[in-house]
Each structure stands twice: as C-alpha cells, then as structure tokens.
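*Asks:* Sequence and predicted model, in that order:
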Amino acid sequence: MKYLNRTQPAIALVTLIFVTIGGACSAPVEDGADRAAGSEGDTAVVLGHRHVLRSELLGEDRELSVYLPNGYESSESLRYPLVVLLDGRMAFTSMAAMIHTLSEGGAIPRAIVVGILNTDRWRDLTPIEGMGIPGTGGGEAFLASLAGEILPYIDSKWRTNGFRVFSGHSLGGLTTLNALQESPGLFDAYLSLSPSLEWGEGFTPILTPVSARVSSEPADRRKPWSRCSAPCRWPRTRECKICPITREWSTA
C-alpha cells in the first residue's frame, strides 16, 4: 500500500500545505463556481465549475466543484494528479486557490481538484452510528459511491493520470481514515486534518489496524500525516481512549 507515490515526490508539499492551513476548512466559503455580479464589461474570475452526478447507490444527485489547472484546455495530451476534497462547499475555494498558486509558481505539480458537496454530512461522513444523532453511519454507502460512481465519472470526464489524493477535515478526516482502512488502494495519499476520532467509542476498531499498518511501514516513510485532537475534547479526568493507539504515528 502506498502513502505517497515516489514518482511524484513534489506532491508531498501538498500534504504540508494542507496541514498548515487546515484551519481554513472551518470557515464557510462559497465555491469559486459562483460568480459575483459586476458592472457591464467586467470579466468574471472563475476558479471552478459545478457538475452534477446522479448516484444510483445513494439515490440522489451529487454536486461536484471542479478546478482545472492552467493550460488544461490548450494541451489535450497532458494528464494531471487528482485531489478529491470532502466538504466541497466549505473548503473548495481555499484549497483550489492554494494549489493554483503553488503550481503556477512551480512548487508543486499542476493538479485537478474536485470538491464533493454534502447532501447529508452526518450520514455520509460517519462510518458507524454514534453520538445519538439519527441518520448517522452511512459512510460505507458513501465510500461505495465514491469508488464505484464518483471516481469513475471524474476519470472519464477529465484527464487524470492515476495519482489520487483524498483529503478531509473533522468528520471528513474521519472518513479519509476509514477509506484508508477499508480501501487502501483507492488513493495514493490520505490527508486527515483534525479527524473526529472521538466518534463512537473512539474508533478503536478502525484506528488499531490503521496504526498497525503505519507502524509496519519503513521508518523513512512514517510521516506525521494525522494529528489527534482528542486531548482537548475528552474530559481531563477521563482516560483518553485514542492517544494510546495513535501516539506513535500522529506525533511530529
């Protein structure tokens, strides 16, 4: 199982930037596909476009916000890495703009960015039921749609090169961890930003094998790619069920 494809080491910088500006995911920002009204003769600056995909597995339409790199339309032979982003309505603009800026400066490869907009966040981004919230625990069906419908749609419509990054924040970070455990070959890199590890019973069923998987990697490939936010969420008087599992691989 690969965490980062060594044939494209520059994409590792994307990981560092995502972690650095992870706080940007908490600010609700409208997608770049929405054009602001301007005076007559003004030219709109458009960062991305919306596309609608019908998911038969979920029984609903799913919206995607898509950013295509500079030069995509003029060079029909080039193919690009793919960054798939959860919470697309909230995080797409900042992430797409960041990747655009860094790639235009030559710091990272140009990439296609696809943000998946939510229809029912509590349902899709929770692998098991928890917290007494009705309708949670639909993560398995969402990952099935991602693997069987959304990714094939993206690959058929845009020129991807097979290198995939999966990024999520909070419940989205929990979902990337679940995807790493359930479908480790689906993506080449899994970015889990401040994952909601306190969900359910601390997610020991998922974190134990994930921790073992990371610990089995050679030392030079064990990168600090996820940070546990549990200590500030669990009461000080209660023993944390998460950190004993994750401490070895989540500490910088």
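*Replies:* Ah, there it is. Residues are numbered from 1 along each chain as shown.

*Asks:* Residue 144 is in what secondary structure piece?
*Replies:* Assigned by DSSP states H and E, residue 144 falls within helix 139-145.

*Asks:* elements contacting the next helix or strand after that helix?
*Replies:* Using DSSP H and E, the helix or strand that follows helix 139-145 in sequence is helix 151-157. Judged by 3 or more Cβ pairs under 8 Å, 6 or more residues apart in numbering; DSSP states H and E, helix 151-157 is in contact with strand 80-85. Quick note: C-beta positions are derived from backbone N, CA and C, even for glycine.

*Asks:* Now do the strand it packs on, average pLDDT.
*Replies:* The average pLDDT within strand 80-85 is 96.

*Asks:* on contacts alone, who are the packing partners of that strand?
*Replies:* helix 88-104, strand 112-116, helix 151-157, strand 160-169.

*Asks:* Name the residues of the last one that are buried.
*Replies:* Residues of strand 160-169 classed as buried: 160, 163, 164, 165, 166, 167, 168, 169 (neighbour count, 16 or more other Cβ atoms under 10 Å).

*Asks:* what's the next secondary structure element after it?
*Replies:* Counting by DSSP H and E, what follows strand 160-169 is helix 171-182.

*Asks:* That following helix: which residues count as buried?
*Replies:* 171, 172, 173, 174, 175, 176, 177, 178, 179, 180, 181.

*Asks:* quick one: residue 99 and residue 163, what's the gap?
*Replies:* Separation of residue 99 from residue 163 (Cβ to Cβ, to the nearest Å): 14 Å.

*Asks:* now residue 107
*Replies:* From residue 107 to residue 163 the distance is 17 Å (Cβ to Cβ).

*Asks:* Please apply the same query to residue 198.
*Replies:* 32 Å.

*Asks:* residues in contact with the closest residue to residue 58 other than its chain neighbours?
*Replies:* Closest residue to residue 58 apart from its sequence neighbours, by Cβ to Cβ, 6 or more residues apart in numbering: residue 145 at 5.1 Å. Contact analysis of residue 145 by Cβ atoms under 8 Å, 6 or more residues apart in numbering lists 55, 57, 58, 62.
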